[in-house]
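1. Quick check, what structure comes out for this input:
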Amino acid sequence: MKSKPLAVVITLVGLALLAACAPVPVSQAPAPAEAPAAAEAPAAAGPTGTLTIGVPVIIDTLDPTMSNNVNIENVGFTVLEGLTYLNENNEVEPMLAESWEIPDDTTYIFHLREGVTFHNGEPFNADSVIFTEKWVKDTKRGAQYPWETVQSIEKIDDYTVKITTKAPDPLFLKRMGVAAGSIYPPKYVQEVGDEGVTQKPVGTGPFVFKEWLRGEKVIFEANPNYWGGSDEAQVGTVVWKNIPEPDARIAALETGEIDIALQVPAAQVGVLMDNSKLKVSRALSTRVFYMMFDNISSGKGTPIADKRVRQAMIHAVDRAAIIDAIFRGNGEVINSLVGNVQFGYDPSVAPLPYDPDKAKALLAEAGYPDGFKIGMSCPSGGYANDVEVCQAIAGYLKDVGIEVDLQITDANLYWDLWQNHQLAPMAFDGAGDRFRDPQMALLAVKKTLPWMLWDDPEIHRMSEAAESTVDQEKRKEIFAELQRYMQDEPPAIPLWELYNFSGVNTRVDGFIPRPNETVSVRGVSVRE
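-> Sure, this is the predicted structure:
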């Protein structure tokens, strides 16, 4: 794509990476002047074994605040930690903050863990939190989104901070649990500068940085002094290996060069399933795909202004059949712009069924018994099989009398045209986020964003209400109402969410794939 990633891509400018240098361990405590022979008890045995993960990118930084690429964030998160933690169910758990209070909709009082030290020996405390927020913002780092809603941070004491947000932010606790929301050691950052942080991360996590072989791999080792105990690091070594090409990742998995291959194309899953030494892990992606309608520019005055026409188009497209034919069944039809794995999804709201007869009846009722002609925009190279998807949708619409003028545009130009409202009355896209929350998926119906194609006051009202309360139960009710409304007044043909696949060696235990594509090595072990 110039595909919009799970968070909006920000170009990184002016990042000067140092030339490759000899690997250095995170800390080297000097040997005692006179080490007493046999005076100390033998050290307890630590975890053993090596877990090697093939990532679909070239790792160009080890600092997740400098990248919006989830794979880069995963690497940095091996050593770093935030105030909170998002588990495999995307639920918020305590991490460097052991508890918190929310006295009002914009105030968070975090009680920090005592006795935690960074890998270089610096103490973790309130000053670390305050420094991190200011440093990320002052240096205009590429991934500021965890801190972007923060108005101020106040130190109550060494282990208590009060954070005030600019407005109610229902995602704030989740923001503090992503890699780019990690807490950094102030003295270390000031000593080594941005380039040093990029090359040699220092955090509080269960693994410590060992070395980075540019263009090849990054190596981490278990932290014997981890504050959270010995259960988190179940292997002695974690290796993240650059293997951008899918075929090469699969080959490396088959030969045992790596233990986990991330982002395996659906078309190649069968190869892994045929190998008794391998298994396939999958998770339904948070990315929601849709064919948006436009009522603010090119779609004005066209038949899509009538909701019966838009409903007819949904009934006309056999979305399940497209998933089967193009994605080998590896996806689920969605009921609206709220995806099936997103917060607030209401399973009682079934997707409108494929029913071409009903589609024709609705078109006739709307005054189009013989159909009509309409333009449809589609990116080429933005997503897997994007052109084939658009062609299939156009074919189904033709079956009920709607002739589609399919306009295919290179992905590098497509979203520029989208923001400038220069696409056809129908346009294909997808959106998701780190938090499994509908806010990002609704970007094409938000009046505050340049991505908006469909202007509907009721959708705006509900979307704004969901964004302005931190009461999560109330938000669920709002999103349930929104799903029902979007079936009656559809802003798009809601299409599907697709599965993400990882190939895993059967010797690996504890690996859990996640819908938002984050990867945790906590608790993952290997059998030798």
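2. I'd like to know how far the residue sitting nearest the centre point of the chain sits from residue 147.
-> Centroid check for the chain by Cα atoms, centre = their mean gives residue 434 as the closest residue, at 3.3 Å. For residue 434, the distance to residue 147 equals 14 Å [Cβ to Cβ, to the nearest Å]. Bear in mind the C-beta positions are built from the backbone N, C-alpha and C, glycine included.
3. how far does the helix or strand where residue 98 lies sit from the chain's center?
-> Assessed by DSSP states H and E, residue 98 sits inside strand 97-104. Here strand 97-104 shows a centroid-to-chain-centroid distance of 25 Å under the convention Cα atoms, centre = their mean, to the nearest Å.
4. again, but for stretch 371-390
-> 24 Å.
5. start to end distance for it?
-> 19 Å (Cα to Cα, to the nearest Å).
6. Buried residues, that stretch. List them.
-> For stretch 371-390, burial by neighbour count (16 or more other Cβ atoms under 10 Å) applies to 371, 374-379, 381-383, 385-387, 389-390.
7. so of those, which ones are in helices?
-> Using DSSP state H, the members of those that fall within helices are 386, 387, 389, 390.
8. which SSE is the nearest residue to residue 273 once chain neighbours are set aside in?
-> Leaving aside its sequence neighbours, residue 273 sits nearest to residue 280 (Cβ to Cβ, 6 or more residues apart in numbering; 5.9 Å). Using DSSP H and E, residue 280 maps to strand 278-284.
9. Check which residues of that strand are buried.
-> Within strand 278-284, the residues scored as buried using 16+ other Cβ under 10 Å are 278, 280, 281, 282, 283, 284.
10. Quick one: residues contacting the fifth one.
-> Applying Cβ atoms under 8 Å, 6 or more residues apart in numbering, one finds that residue 283 lies in contact with 341, 499, 500, 513, 514, 515.
11. go with 10 Å
-> Contacts for residue 283 (Cβ atoms under 10 Å, 6 or more residues apart in numbering) come out as 88, 341, 499, 500, 501, 502, 512, 513, 514, 515, 516, 517.
12. filter these to the buried ones?
-> Buried among the contacts of residue 283 (16+ other Cβ under 10 Å): 341, 499, 500, 501, 502, 513, 514, 515, 516, 517.
13. Pull the most distant pair out of those.
-> 341 and 502 (16.2 Å; Cβ to Cβ).
14. Break down the stretch 401-528 of the chain into its strands, ranges please.
-> Assigned strands in the stretch 401-528 of the chain, in chain order: 402-410, 426-431, 492-505, 508-509, 525-526 (criterion: DSSP state E, counting those that start in this stretch).
15. And these: which comes nearest residue 242?
-> strand 492-505 (16.4 Å).
16. tell me the angle that closest one makes with strand 426-431.
-> Interaxial angle of strand 492-505 relative to strand 426-431 (axes from the mean of the first three to the mean of the last three Cα atoms, to 10 degrees): 40 degrees.
17. what's the offset of strand 492-505 from the middle of its chain?
-> Here the centre of strand 492-505 is set off from its chain's centre by 13 Å, with Cα atoms, centre = their mean.
18. Parallel or antiparallel, which strands does that strand pair with?
-> strand 260-261 (antiparallel), strand 278-284 (antiparallel), strand 288-293 (antiparallel), strand 331-333 (antiparallel) (DSSP bridges).
19. pLDDT on the first one, on average?
-> Average pLDDT, strand 260-261: 98.
20. Can you name the element that comes right after that strand?
-> Following strand 260-261 in sequence order, the next helix or strand is helix 269-273 (DSSP H and E).
21. May I have that next one as PDB, with CA atoms only?
-> Output in PDB follows, covering the C-alpha atoms of helix 269-273 (Å, rounded to 0.1, in the frame of the first residue of the first chain):
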ATOM      1  CA  VAL A 269      -0.400 -22.000   4.400                       C
ATOM      2  CA  GLY A 270      -1.000 -25.400   2.800                       C
ATOM      3  CA  VAL A 271       2.800 -25.900   2.400                       C
ATOM      4  CA  LEU A 272       3.200 -25.500   6.200                       C
ATOM      5  CA  MET A 273       0.300 -27.800   7.000                       C
END
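22. mean confidence score for that helix?
-> So the average pLDDT for helix 269-273 ends up being 90.
23. Return the set of buried residues in that helix.
-> For helix 269-273, by 16+ other Cβ under 10 Å, it's 269, 271, 272.
24. Not counting residues beside it along the chain, what's closest to the second one?
-> Closest residue to residue 271 apart from its sequence neighbours, by Cβ to Cβ, 6+ apart: residue 250 at 6.3 Å.
25. The one you found reaches residue 260, doesn't it?
-> No: counting by Cβ atoms under 10 Å, residue 260 is not a contact partner of residue 250; they are 11.6 Å apart.
26. residue ranges for the helices of the stretch 201-350 of the chain, please.
-> Applying DSSP state H, counting those that start in this stretch to the stretch 201-350 of the chain gives helices spanning 246-255, 269-273, 307-316, 319-327.
27. ditto for the stretch 401-528 of the chain
-> Under DSSP H, counting those that start in this stretch, the stretch 401-528 of the chain gives helices at 411-419, 438-441, 457-467, 472-488.
28. could these go into TSV alongside mean pLDDT, mean neighbour count and distance to residue 208?
-> Shown next, in TSV, are those (pLDDT from 0 to 100; neighbours: other Cβ atoms under 10 Å; distance: least, Cβ to Cβ, whole Å):
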stretch	mean pLDDT	mean neighbour count	distance to residue 208
helix 411-419	94	17	39
helix 438-441	89	24	33
helix 457-467	96	17	39
helix 472-488	97	17	35
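29. right, so of those, which gets closest to residue 295?
-> Nearest of these (Cβ to Cβ): helix 457-467, 11.4 Å.
30. list the helices and strands the closest one packs on?
-> Applying 3 or more Cβ pairs under 10 Å, 6 or more residues apart in numbering; DSSP states H and E, we find helix 457-467 packed against helix 438-441, helix 472-488.
31. quick one: it to chain centroid distance?
-> Using Cα atoms, centre = their mean, the offset of helix 457-467 from its chain centre is 23 Å.
32. how many degrees apart are that helix and helix 472-488 in direction?
-> 160 degrees.
33. For helix 457-467, list the C-alpha coordinates in CSV.
-> Coordinates of each C-alpha in helix 457-467 appear next as CSV, following Å, rounded to 0.1, in the frame of the first residue of the first chain:
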residue,chain,number,x,y,z
PRO,A,457,-24.7,13.5,11.4
GLU,A,458,-25.9,10.4,13.2
ILE,A,459,-22.7,8.5,12.6
HIS,A,460,-20.7,11.6,13.7
ARG,A,461,-22.8,11.9,16.9
MET,A,462,-22.3,8.3,17.9
SER,A,463,-18.6,8.3,16.9
GLU,A,464,-18.0,11.4,18.9
ALA,A,465,-19.9,10.1,21.9
ALA,A,466,-17.7,6.9,21.9
GLU,A,467,-14.6,9.0,21.8
